[in-house]
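A.B. asks: sequence first, then the predicted structure, then my questions.
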Amino acid sequence: METLETQKLDTKINENFQGLVVRKDLVSTVKGNAIVPSYVLEYLLGQYCATSDEASIESGIESVKKILSEHYVHRNEAGLIKSKIKEKGRYKVIDKISVSLNEKDDCYEASFANLGINKVLVDSSTIKSHPKLLVSGVWCIADLEYEHNEDKKTIPWVLASIKPIQLSDFDYKQYIETRKKFSTDEWINLLIQSIGFNPEMFSKRGKLTQLVRLIPFCERNYNLIELGPKGTGKSHIYSEFSPHGILLSGGEVTVPKLFVNNSSGKIGLVGYWDTVAFDEFAGKQKKSDKALVDILKNYMANKSFSRGVETLGAEASMVFVGNTSHTVPYMLKHSDLFDDLPEKFHDSAFIDRIHFYIPGWEIDIIRGEMYSNGYGFVVDYLAEILRHLRTYDYSDRYTKFCDLSSTLSTRDKNAVNKTFSGLMKILFPDGQASEEETSELLSFAIEGRKRVKDQLFRIDPTYAQVDFYYEKPGGEKVYVKTSEEKEYPNYYHKTITDGDLQNSSNEMGGAVEAEAKIVVRPALVHQEEPTEQTLTFEENQKGVTYEKLFVPYLKGAKIIHITDPFIRIFYQANNLMDLMEVLAKNKNPEDEIAVHLVTTADDYKFESQQDFLNQIQEACIRVGIQFSYQFDNSGKLHARYIEANNGWKIILDRGLDIYQPFDAGNAFCMARRLPENRKTKSFYVTYTKNKPSSLANPC
């Protein structure tokens, strides 16, 4: 459901990028059973549905559906399409077309993947205009003709015209100028909607993590890895987003296919694509060609590869995505975060060439409500913008605010600089960002490289120790830590020489001792006596529960007042119900507690809001909690806090809204059942102590 903020953003997007954006839920509406990438569908939607006018959208959808139904070639309907071409003499088809050189007849011949026809003649000028036809195939709109000839050697199919499905031109200056009309948060949300997700389902850190996936498209020779649980959308960007990227199954890669065929001299994929992604890259048992690993390491380090006596260069970025088979604490205790790589790739020289490690375990499994129905760029337009940005270098834009640690190696600095440059291009394409925004991106870039380097120390302790920080002009050093370093400090700084790691291979059999126990951050450990303090929590932190936050300070209270103006919609009411559950669990059965809520009435959904609160009231009666509520719409209700008659006041900058979205409707979701598995938003809590008060019991 769209919020008012989302609606305002969609209006702003349509006003400023008219004709270049499309409503993202339309892709699934028109796709049907057509097995085509999103950029193909959005290319068509961009021709007919790039508007906010509902009537025009409906008409455009019908046009796109008609085009797909009549011209997209399904494999099982290839015979029917061939018949149409023969009977009409000429017919337009949408298919994936690849071209090869027939050396014997000195001609280029096209193959249509779904239509199933081969050896269709293609003129040399077409190949010069679209060289990617020679490598792995390109989705195209083509006009085919049928001319029967008595000569059996003659192919009756004639390619009259061909047009790859991608944007022909764009106004980059307009893109730069229009970006200035959006705040940073608005721009980030526009980009998240452009890749198909609802920005309201992601934290700021979660959004940046998603956008790192775009860096290979705008940064030359960028090496990225993402390892994490299944179902988090790791490969989606590389298969669906851009016509300039290609996704390969891990087992399909060979030296000739990727780099160069020495016998024919034909350049491989790195010479034609901006991004080459390896899907299903993880798997210890997978066999790897040592020659491929060696040439890949050389290319990732030097942007070049050898073809016999000749050395060639290329600009393709390399992406490696795969699934992990263990939890993060398990890997940190028994091995390392690269544990699932094939043996020949679990090599310090290969790993050292990685610029950024995306922590896939921080990304939620993709659910239906995470997809966007808002407006975003037609992905082909954004893909062309990112490709254009490959010619720019923003790696030095932080130097006017700070300097990197002098202890970093050249590879470390290069990795940080390339990630920072990529994020700047995506978020600030004019190269201008504030000091605070620059520091945020630089810290994020440093963390991604630190995650790589820290694991290298575990694998090969001979690597020199470095300090990952940046220094401000006044001399202040800002040190950067990874999220898992903060969450599991007992395991993070170990190497393979430590006792727990030496026997990891023997412990894999399932001994109880081999299971990693979760280490709670110090700020969350229960204290015997609650004290006045302020606790600060970061994004994606786990182990934070209402029970740990509130129970020590509400112990013995008989009257509790909650002030929170944002208990309006379902998930907010559900948070309140979670607190009631915690209070019920931690009181004696014979005791009763009075809980009073002061909130504001929702202008749009008041009836459902009141219904939620009445249901909470009815449920609480049964467990000895007298719950009451009142609405205050004076406009003065801003602060969020909990006050108890035992003297404690708990000030909450986010109220009860401390968790990032999770699949609350899924009965099998562990985050729903165990709050300690939920990831937090960034927030703080302040505890202050007064004399025990005589709060009024409104019940």
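C.D. replies: Yep, it's here.
A.B. asks: so which residue is smack in the middle of this structure?
C.D. replies: Among the residues of the chain, Gln210 comes closest to the average C-alpha position under CA atoms, centre = their mean, at 2.5 Å.
A.B. asks: measure Leu269 to Gly313 for me?
C.D. replies: 14 Å (CB to CB, to the nearest Å). Backbone N, C-alpha and C define where each C-beta goes, glycine included.
A.B. asks: and those two? Which one has more around it.
C.D. replies: A side-by-side neighbour count of Leu269 and Gly313, using other CB atoms under 10 Å, places Leu269 first with 19 against 12.
A.B. asks: I'd guessed that one sits against Val135; true?
C.D. replies: Yes. Here Leu269 lies in contact with Val135, judged by CB atoms under 8 Å, at a distance of 6.1 Å.
A.B. asks: could you pull out the strands in the stretch 401-550 of the chain for me?
C.D. replies: 403-404, 469-471, 477-479, 533-537 (DSSP state E, counting those that start in this stretch).
A.B. asks: just the stretch 101-250 of the chain next, same as before
C.D. replies: 107-112, 117-122, 138-146, 157-164, 223-228, 245-249.
A.B. asks: quick one: closest of the ones you listed to Ser194.
C.D. replies: Checking the strands of the stretch 101-250 of the chain against Ser194 by CB to CB gives strand 245-249 as the closest, at 15.3 Å.
A.B. asks: and the next helix or strand past that closest one?
C.D. replies: Downstream of strand 245-249, the next assigned helix or strand under DSSP states H and E is helix 255-258.
A.B. asks: for that following helix, output the C-alpha coordinates as CSV.
C.D. replies: Extracted in CSV, the C-alpha atoms of helix 255-258 (Å, rounded to 0.1, in the frame of the first residue of the first chain):
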residue,chain,number,x,y,z
VAL,A,255,39.0,-19.7,-20.6
PRO,A,256,38.1,-19.4,-24.4
LYS,A,257,34.5,-18.4,-23.5
LEU,A,258,35.5,-15.8,-21.0
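A.B. asks: for Gly360, phi and psi?
C.D. replies: phi -60, psi -20 (degrees, to the nearest 10).
A.B. asks: relative to Asp412, how far out is the spatially closest residue to Phe468 that is not a sequence neighbour?
C.D. replies: Closest residue in space to Phe468, ignoring its immediate chain neighbours: Lys450 at 4.4 Å, by CB to CB, 6 or more residues apart in numbering. Using CB to CB, one obtains 8 Å as the distance from Lys450 to Asp412.
A.B. asks: more neighbours, the two?
C.D. replies: Applying other CB under 10 Å to Lys450 and Asp412 shows that Lys450 carries more neighbours, namely 24 against 21.
A.B. asks: that older thread, quick check: which of the strands of the stretch 401-550 of the chain is buried the most?
C.D. replies: By mean neighbour count, with neighbours taken as mean count of other CB atoms under 10 Å, strand 469-471 ranks first of the strands of the stretch 401-550 of the chain at a mean of 19.
A.B. asks: give the pairing partners of that strand; include direction for each.
C.D. replies: Strand 469-471 sits in its sheet next to strand 403-404 (antiparallel), strand 477-479 (antiparallel), going by DSSP bridges.
A.B. asks: re the thing from before, do you know the pLDDT at the residue nearest to the centre of the chain?
C.D. replies: pLDDT, Gln210: 96.
A.B. asks: do Leu190 as well
C.D. replies: Confidence for Leu190, expressed as pLDDT, is 97.
A.B. asks: sort out which residues of stretch 661-681 are buried, please.
C.D. replies: Pro661, Phe662, Asp663, Cys669, Ala671, Arg672, Pro675, Arg678, Lys679, Thr680, Lys681 (16 or more other CB atoms under 10 Å).
A.B. asks: with stretch 642-661 instead?
C.D. replies: 642-646, 648-652, 654-661.
A.B. asks: so what touches stretch 112-124?
C.D. replies: Stretch 112-124 is contacted by residues 73-75, 78, 81-82, 93, 95-99, 102, 107-111, 133, 137, 142, 144, 155, 157-159, 162 when judged by CB atoms under 8 Å, 6 or more residues apart in numbering.
A.B. asks: now Asn631. Nearest residue, chain neighbours left out?
C.D. replies: For the record, residue 631 is Phe, not Asn. That would be Ala601: by CB to CB, 6+ apart, it lies 4.3 Å from Phe631.
A.B. asks: could you tell me how many residues sit around that neighbour?
C.D. replies: Using other CB under 10 Å: Ala601 sits among 14 other residues.
A.B. asks: now do the SS call for it.
C.D. replies: Classification of Ala601 by DSSP: H, G, I helix; E, B strand; the rest coil places it in coil.
A.B. asks: likewise for Ala594?
C.D. replies: strand.
A.B. asks: the top helix by length along the chain to strand 223-228, inter-axis angle?
C.D. replies: The longest helix of the chain (DSSP state H) is helix 435-459. Orientation of helix 435-459 against strand 223-228 (axes from the mean of the first three to the mean of the last three CA atoms, to 10 degrees) gives an angle of 80 degrees.
A.B. asks: thanks again, I'm all set now.
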